[in-house]
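Colleague: below is the sequence, then the predicted model.
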There are 2 protein chains.
Amino acid sequence: MHRGLIEELVRKNDSRILLAVIDGLGDISIEELGGRTPLEAAITPEMDSLAAGGALGVHIPVARGITPGSGPAHLGLFGYDPVTCQVGRGMLAALGVGFDLKHGDLAARINFCTLNEDGIVTDRRAGRISTEKCVELVEMLADIRIKGVEIFVIPVKQHRACVVFRGSGLLDDLEDTDPGLAGQRPVRVTGSGKSHRIVREFQRKTARILKNRNPANFILMRGFTLYREFPSVEERFGLTAAAVALYPMYRGVAGLVGMDIMKCSSDDIPGQVKAVKKGLESGHDFIFLHHKPADSAGEDGNIQAKISAIEEFDRALPSFLDLGFDVVCITGDHSTPCTMKLHSWHSVPVLIHGGPQRSGYSSAFSEKQALSGALGSFMSTEIMPLLLASAGKLAKFGA
Amino acid sequence: MHRGLIEELVRKNDSRILLAVIDGLGDISIEELGGRTPLEAAITPEMDSLAAGGALGVHIPVARGITPGSGPAHLGLFGYDPVTCQVGRGMLAALGVGFDLKHGDLAARINFCTLNEDGIVTDRRAGRISTEKCVELVEMLADIRIKGVEIFVIPVKQHRACVVFRGSGLLDDLEDTDPGLAGQRPVRVTGSGKSHRIVREFQRKTARILKNRNPANFILMRGFTLYREFPSVEERFGLTAAAVALYPMYRGVAGLVGMDIMKCSSDDIPGQVKAVKKGLESGHDFIFLHHKPADSAGEDGNIQAKISAIEEFDRALPSFLDLGFDVVCITGDHSTPCTMKLHSWHSVPVLIHGGPQRSGYSSAFSEKQALSGALGSFMSTEIMPLLLASAGKLAKFGA
């Protein structure tokens, strides 16, 4: 895709787009399902009806053979090249807990760990301390002051926390201090930059505070990332976008590209429907709706749970569609094959309904039909142009 | 594909990959075969069984509409962009005769030609002199000495030879001296660089030696290429690779990307099986196996011979597979349609078996099924990432 081509052609109109992401949707043939995938085995009359009246295809999340994390995978769906727009682990951790990152913030993941008397890491996860313990330790670190930066330490879960340094002139040219393996010393922060000095001092001060807090007597840091704001979907695509997602990480990635994050009054489908409704009523013409359970089921290798998650989404679909969308896209951010219990590189089925589609090629929403669908196969970043075009939001290129 | 993305994600493991290339495999519908291709007409139970349990797709060797030579076509299969990693004609000629090129060598193709008294090229191929004659003429040129370089002149076939200049500071910014058409003068080597001076002197000295050797009384040079070593597949993909190929050119291209070239004790299938076995036993986790006869048959327009070549490979396949591979890829480097008797730009069927594949879409290995296979259509350079992913040799991208 030529840089800036879409941006030049964007024109606004009143059409409303729904991008519904069933996390980890794609799968591969499963013997127990007679060679079908969970999507193929699931009973999904609503999506099948949209498939029949719309068009199917498959998207490649990052590049062929590349297994994406959730961050890059979602950026692709939002029309951002996931390789040039990298979202580091530190940034994701901070976004994941809903921390309000500002442009120029330096974020990193923290693991509480155990050091022995010789300074060797004996446990990179400090015996997986409880989340309560983590909160308690983080509170002890809250008093650390370092000249030239504000410091935010945020507990995440068990031994996991994250740290954000806020100040001018920070850079993320820092190596992980986590050696990656027990039995080694933490990696020393060398280098004379401002960020290096601050991180070194932070590490020294945390060590002093944690000294007698065995097993969590030290911290390891990794994934230093400087938070750079990306151009928003409003700037790039003229979309006033809102995100309805229960998990902080997906809200975080949506926030990265300038989507408004809608609050859900409850964690169930009615709560999400209300949030989408509110999003539309407050003038948004693009809604990103995130559905997590299919991915979790895939990572657990739980075939039936994945089928159920997909069926649950299908039953909920009419409540969302009734709110009035002109173009609806249903896809996944990546595949999470149950037999792999992992994200994978396999292509992901895409359904687009609404607007002038080359319809009549498909009777159901499935990997198989998507592979021979009217849309063909394309990069995830090409979904956004297809949605804009379907919604009449792209002008003709050239005379 | 983003430069360096794959390289960053590569991780080593013990999985073994076989890349079997049936040269010129792809074809187009042939009337005599009832509209089928040789691959579709051939009886190939082994490949069909792999197709059923694996996944099919088609690759585009260089770009749509581009007919590749064997050099670029193989580079693509090895994961090297064939346009940025150019293998010039001179380099190919030298590799093709098994000449051991060193980094910095300047190579060019030579044609013996006929000049008339006015210095006009009357025959660019010197009446296609015999190969014996060519060898004799090359021996006469062997005594040429030029200060600052070693010179190697190597006979190829009929009027064709090649020359390699070895010395420091050589560049390949030289135009062909071959005017491309009879009735014109050879193109003069202008320019004041070291390479220009040397090539000019070489041309003058050959002219003096050949003066009375009508019809081969002059040489034309083309395709000046500096031999630069490419980063190896070991550096790029963490693969310890070996090549089993009977023809020098394919061994040459494999050598270019750092594959170890296995010797075959005999030119038949058992000899190649032994060589592959030895490759695996000596610690290689990637084997490139080259099968030539299908391409030769295609270039001869010999439909039955192409079918037989494919069937011969299919019969041989179990002996290779029995050696123990985790991921097997069978494809061609390009299409060589029998009705064209030439390489062509048509896409080439690809079969990948092993690792988590979206299988169950295909029942036979054929152009038709490959076009609607689970892998879709992709560039030849994307095969390597797919093989690495299938073999579990690529980590997840991003969190």
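Modeller: Thanks, I have the structure now.
Colleague: surely A:Met259 touches A:Phe288?
Modeller: Yes: using C-beta atoms under 8 Å as the test, A:Met259 is close enough to A:Phe288 to be in contact (6.1 Å). To be clear about C-beta, it is placed using only N, CA and C from the backbone, and glycine gets the same treatment.
Colleague: what's the overlap in contacts for those two?
Modeller: Common contacts of A:Met259 and A:Phe288, defined by C-beta atoms under 8 Å, 6 or more residues apart in numbering or on different chains, comprise A:Ala241, A:Ala242, A:Ala243.
Colleague: which helices and strands does the element among helices and strands of chain A having the smallest mean pLDDT pack with?
Modeller: The element with the least model confidence among the helices and strands of chain A, by mean pLDDT, DSSP states H and E, is helix A:89-96, at a mean of 81. On a contact count with 3 or more C-beta pairs under 8 Å, 6 or more residues apart in numbering or on different chains; DSSP states H and E, helix A:89-96 meets strand A:106-115, strand A:150-157, strand A:160-166, strand A:218-226, helix A:248-256.
Colleague: hang on, the earlier thing: okay, A:Met259 and A:Phe288: which has more neighbours?
Modeller: Between A:Met259 and A:Phe288, A:Phe288 has the larger neighbour count (other C-beta atoms under 10 Å in any protein chain shown), namely 29 against 26.
Colleague: which residue does the stretch 51-200 of chain A bring closest to chain B?
Modeller: The minimum distance from the stretch 51-200 of chain A to chain B, using C-beta to the nearest C-beta, falls at A:Gly65 (2.9 Å).
Colleague: residues contacting that residue?
Modeller: Shown here is A:Gly65, whose contacts under the criterion C-beta under 8 Å, 6+ apart are A:Trp345, B:Ile6, B:Glu382, B:Met384, B:Pro385, B:Leu386, B:Leu387, B:Leu388, B:Ala389, B:Leu394.
Colleague: one more: A:Phe325?
Modeller: Contact analysis of A:Phe325 by C-beta under 8 Å, 6+ apart lists A:Arg16, A:Ile17, A:Leu18, A:Ile287, A:Gly354.
Colleague: determine the three-state secondary structure at it.
Modeller: Applying DSSP: H, G, I helix; E, B strand; the rest coil to A:Phe325 yields a three-state assignment of coil.
Colleague: do any residues in the longest helix along chain A lie close to chain B?
Modeller: If you go by DSSP state H, chain A has its longest helix at helix A:303-321. No: residues of helix A:303-321 are not located near chain B by C-beta under 8 Å from any C-beta of the partner chain, the shortest gap being 14.4 Å.
Colleague: how far does the next helix-or-strand element following that helix sit from the chain's center?
Modeller: The element immediately downstream of helix A:303-321 (helix or strand, assigned by DSSP states H and E) is strand A:327-331. Between the mean C-alpha location of strand A:327-331 and the chain-wide mean there is a distance of 18 Å, by C-alpha atoms, centre = their mean, to the nearest Å.
Colleague: just checking, what packs against strand A:327-331?
Modeller: Against strand A:327-331 (3+ C-beta pairs under 8 Å, 6+ apart) you get strand A:17-22, helix A:45-53, strand A:348-353, helix A:383-390.
Colleague: rerun that using 10 Å as the cut-off
Modeller: On a contact count with 3 or more C-beta pairs under 10 Å, 6 or more residues apart in numbering or on different chains; DSSP states H and E, strand A:327-331 meets strand A:17-22, helix A:45-53, strand A:55-60, strand A:286-291, helix A:303-321, strand A:348-353, helix A:383-390.
Colleague: any chance of these in JSON lines, plus mean pLDDT?
Modeller: Compiled in JSON lines, the helices and strands packed on strand A:327-331 are given as follows (pLDDT from 0 to 100):
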{"stretch": "strand A:17-22", "mean pLDDT": "98"}
{"stretch": "helix A:45-53", "mean pLDDT": "98"}
{"stretch": "strand A:55-60", "mean pLDDT": "98"}
{"stretch": "strand A:286-291", "mean pLDDT": "98"}
{"stretch": "helix A:303-321", "mean pLDDT": "98"}
{"stretch": "strand A:348-353", "mean pLDDT": "98"}
{"stretch": "helix A:383-390", "mean pLDDT": "98"}
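Colleague: okay, now the unreliable bits of chain A?
Modeller: A:1 (pLDDT under 70).
Colleague: let's see it at 80
Modeller: By pLDDT under 80, the low-scoring segments of chain A are A:1-3, A:88-89, A:96, A:229.
Colleague: picking up where we left off before, name the stretch among the helices and strands packed on helix A:89-96 that sits most buried.
Modeller: Scoring the helices and strands packed on helix A:89-96 by mean neighbour count under mean count of other C-beta atoms under 10 Å in any protein chain shown gives strand A:106-115 as the most buried, with a mean of 26.
Colleague: strand partners of that strand, parallel vs antiparallel please.
Modeller: With DSSP bridges as the test, strand A:106-115 is paired with strand A:121-123 (antiparallel), strand A:160-166 (antiparallel), strand A:218-226 (antiparallel).
Colleague: then the longest one to PDB, C-alphas only?
Modeller: Extracted C-alpha coordinates of strand A:218-226, given in PDB (Å, rounded to 0.1, in the frame of the first residue of the first chain):
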ATOM      1  CA  PHE A 218      15.100  -7.400  43.300                       C
ATOM      2  CA  ILE A 219      13.500  -6.300  40.000                       C
ATOM      3  CA  LEU A 220      14.200  -7.200  36.400                       C
ATOM      4  CA  MET A 221      13.100  -4.800  33.700                       C
ATOM      5  CA  ARG A 222      12.500  -5.500  30.000                       C
ATOM      6  CA  GLY A 223      10.800  -4.200  26.900                       C
ATOM      7  CA  PHE A 224      11.800  -0.500  27.400                       C
ATOM      8  CA  THR A 225       9.600   1.400  25.000                       C
ATOM      9  CA  LEU A 226       9.100   5.100  24.400                       C
END
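Colleague: from the chain's centroid, how far away is stretch A:123-143?
Modeller: Averaged C-alpha coordinates place stretch A:123-143 at 25 Å from its chain's average position (C-alpha atoms, centre = their mean).
Colleague: follow-up on the earlier one: quick one: what helix or strand has the residue of the stretch 51-200 of chain A closest to chain B in it?
Modeller: Counting by DSSP H and E, no helix or strand carries A:Gly65.
Colleague: ditto for the one 10 residues further on
Modeller: Assigned by DSSP H and E, A:Leu75 falls within helix A:70-77.
Colleague: and the angle from that helix to helix A:89-96?
Modeller: 80 degrees (axes from the mean of the first three to the mean of the last three C-alpha atoms, to 10 degrees).
Colleague: and A:Ala395, how far from A:Leu5?
Modeller: Distance check for A:Ala395 against A:Leu5: by C-beta to C-beta, to the nearest Å, it reads 11 Å.
Colleague: break chain A down into its domains, please.
Modeller: Residue ranges of the domains in chain A are recorded as A:5-85+A:231-390, A:92-226, according to automatic domain parsing.
Colleague: just to revisit the earlier point, now do the longest helix of chain A: which elements does it pack against?
Modeller: For helix A:303-321, the helices and strands in contact under the criterion 3+ C-beta pairs under 10 Å, 6+ apart are strand A:17-22, helix A:38-41, helix A:45-53, helix A:269-281, strand A:286-291, helix A:293-300, strand A:327-331.
Colleague: next, the buried residues of that helix.
Modeller: Buried residues in helix A:303-321, defined by neighbour count with 16 or more other C-beta atoms under 10 Å in any protein chain shown: A:303, A:305-314, A:316-317, A:320-321.
Colleague: tell me the bridge partners for the nearest residue to A:Ile110 once chain neighbours are set aside.
Modeller: Distance criterion C-beta to C-beta, 6 or more residues apart in numbering or on different chains; nearest residue to A:Ile110, sequence neighbours excluded, is A:Ala161 at 4.2 Å. The residues paired with A:Ala161 through beta bridges, assigned by DSSP bridges, are A:Ile110, A:Pro155.
Colleague: and the angle from the longest helix of chain A to helix A:269-281?
Modeller: 40 degrees.
Colleague: figure out how far helix A:303-321 is from the centre of its chain.
Modeller: Taking C-alpha atoms, centre = their mean, one finds helix A:303-321 lying 20 Å from the centre of the chain it belongs to.
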